[in-house]
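**Q** Any chance you could fold what I've pasted below:
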Amino acid sequence: MIDVKKTSLFLFFLCILSIQALAPRAEADAKEGYKRIVSLAPSITESLYALDYFDRVVGVTDYDTYPPEVSSVNSVGGNVDPSLEKILYLKPDLVIGERNFHHDLLEHIESFGIDTLELTLHHRLDDVKEAFFEIAKKVGRTDRAEEVWKDIERGLASRRRHTTKNLQKEASMLVVVWHDPLIVAGGWSYIGDIMKAIGIKNAAESKEYSFPAISREELLSYDPDVIFLVRSKIGMSTTVEDFIKTIEGLPIKAKEGSVVSLEAEVLLHPGPRVLESADILLKALKLSL
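**A** So this is what the prediction gives:
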């Protein structure tokens with residue numbers, strides 16, 4: 001005859017043992033965090049790399065160029081129009097995108113039970129910092145984010161001291177990302193904030209936009225000492241020849257040997273590579289003065 005009381009007691013202890021056996025595995029899974037991440041912007045990919053989380057990235061965009069290992073990661077398409085089909089094929093457990101470009105797509109992805117993170121990236125340096133820490137919090141790397149950003153702040157301060165010490169006079173710089181129409185880094189931009197932090201005057205500081213289009217008349221009124229043309233490996237890239245044609249006939253100081261063209265794709269990726277961006281801006285200034 002079955003002893004119901006003993007059987008119930010046995011089942012109770014068996015249940016306890018099962019829970020204890022499963023607990024370490026659940027704890028381990030929690031520590032491992034996300035295992036398959038799709039990044040929908042180069043600056044997001046670069047943020048994950050800075051946070052030592054790049055090994056979890058399984059999908060990026062056609063415009064990702066850093067770190068070098070990114071060339072072996074699957075692409076899900078362009079920044080603005082990534083493919084939902086390609087994203088789902090990669091079976092991600094987290095997709096990170098940008099509010100302006102990916103809001104509807106991220107909502108659709110969530111409907112498949114996939115976790116998402118929506119960020120604001122393409123504005124001020126403070127927005128970049130906030131987005132960086134949002135990513136860090138999401139993947140459990142806040143301590144690492146603190147270290148990275150402290151290094152950035154120390155590096156910017158050091159570069160400002162160097163600029164103040166070595167620059168004979170305050171020079172104004174106009175950062176141009178396209179020539180037709182003439183699109184520049186405005187006063188409300190990641191680039192403009194870095195320039196200010198390291199002691200370079202942004203000729204277009206009065207334009208309260210990130211990347212405003214300016215007229216020939218506005219360019220003449222700014223009359224910058226230095227004009228820096230930003231070249232990129234992928235996407236839009238202007239040349240000195242194209243730019244000179246655009247400003248033909250304008251009596252601008254910088255035409256006399258102070259139009260500089262450098263590959264500076266990092267300036268178009270508002271992420272944690274702030275000090276690299278600062279060094280490129282300083283290099284452009286040094287080459288032209």
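**Q** tell me the pLDDT at residue 282?
**A** Here, the pLDDT recorded for residue 282 equals 95.
**Q** Count residues in the vicinity of it, would you?
**A** 19 (other Cβ atoms under 10 Å). (C-beta placed from N, C-alpha, C; glycine too.)
**Q** Mind telling me what element it is part of?
**A** Per DSSP states H and E: residue 282 is located in helix 274-288.
**Q** quick one: that helix to chain centroid distance?
**A** On the basis of Cα atoms, centre = their mean, to the nearest Å, helix 274-288 sits 18 Å off its chain's mean C-alpha point.
**Q** which residues are contacting it?
**A** With contact meaning Cβ atoms under 8 Å, 6 or more residues apart in numbering, helix 274-288 is reached by 125, 128, 151-152, 155-156, 159, 163, 167, 171, 173, 175, 190-191, 194-195, 197-198, 200, 225-226, 228, 254, 257-260, 262, 264, 266-267.
**Q** if you look at those, which of them are in strands?
**A** 173, 175, 226, 228, 259, 260, 262 (DSSP state E).
**Q** what stretches of the chain score poorly on pLDDT?
**A** Applying pLDDT under 70 to the chain flags the ranges 1-32, 168, 256.
**Q** which of the contacts of helix 274-288 are buried?
**A** Neighbour counting with 16 or more other Cβ atoms under 10 Å marks 125, 128, 152, 155-156, 159, 163, 171, 173, 175, 190-191, 194-195, 197-198, 200, 225-226, 228, 254, 258-260, 264, 266-267 as buried within the contacts of helix 274-288.
**Q** Verify the stated contact: residue 54 with residue 72.
**A** No. Look at residue 54 against residue 72 with Cβ atoms under 8 Å: they stay out of range, at 11.3 Å.
**Q** between the two, who's got more neighbours?
**A** residue 54 (19 against 6).
**Q** Quickly note the distance from the residue lying closest to residue 155 once chain neighbours are set aside to residue 227.
**A** Ranked by Cβ to Cβ, 6 or more residues apart in numbering and with sequence neighbours excluded, the top spatial neighbour of residue 155 is residue 275, at 4.3 Å. Shown here: residue 275 relative to residue 227, a distance of 23 Å by Cβ to Cβ, to the nearest Å.
**Q** Spit out the contact partners of the residue nearest the centre of the chain.
**A** In the chain, the centroid-proximal residue (Cα atoms, centre = their mean) is residue 43; its distance is 2.3 Å. Shown in contact with residue 43 (Cβ under 8 Å, 6+ apart): 121, 128, 131, 269, 270, 271.
**Q** Between the residues you listed, identify the one with the most neighbours.
**A** Scoring these on neighbours with other Cβ under 10 Å, the highest-scoring entry is residue 270 at 31 neighbours.
**Q** Touching, residue 96 and residue 121? I think so.
**A** No. Residue 96 is beyond contact range of residue 121, at 10.3 Å (criterion: Cβ under 8 Å).
**Q** where do the contact lists of those two overlap?
**A** What both residue 96 and residue 121 touch, as defined by Cβ under 8 Å, 6+ apart, is the set 41, 44.
**Q** I figured residue 204 hits residue 176, correct?
**A** No. Residue 204 is beyond contact range of residue 176, at 9.4 Å (criterion: Cβ under 8 Å).
**Q** Residues in contact with both of these two, list them for me.
**A** Common contacts of residue 204 and residue 176, defined by Cβ under 8 Å, 6+ apart, comprise residue 184.
**Q** Can you read off the backbone torsions of residue 97?
**A** The phi/psi pair for residue 97 (degrees, to the nearest 10) reads phi -140, psi -180.
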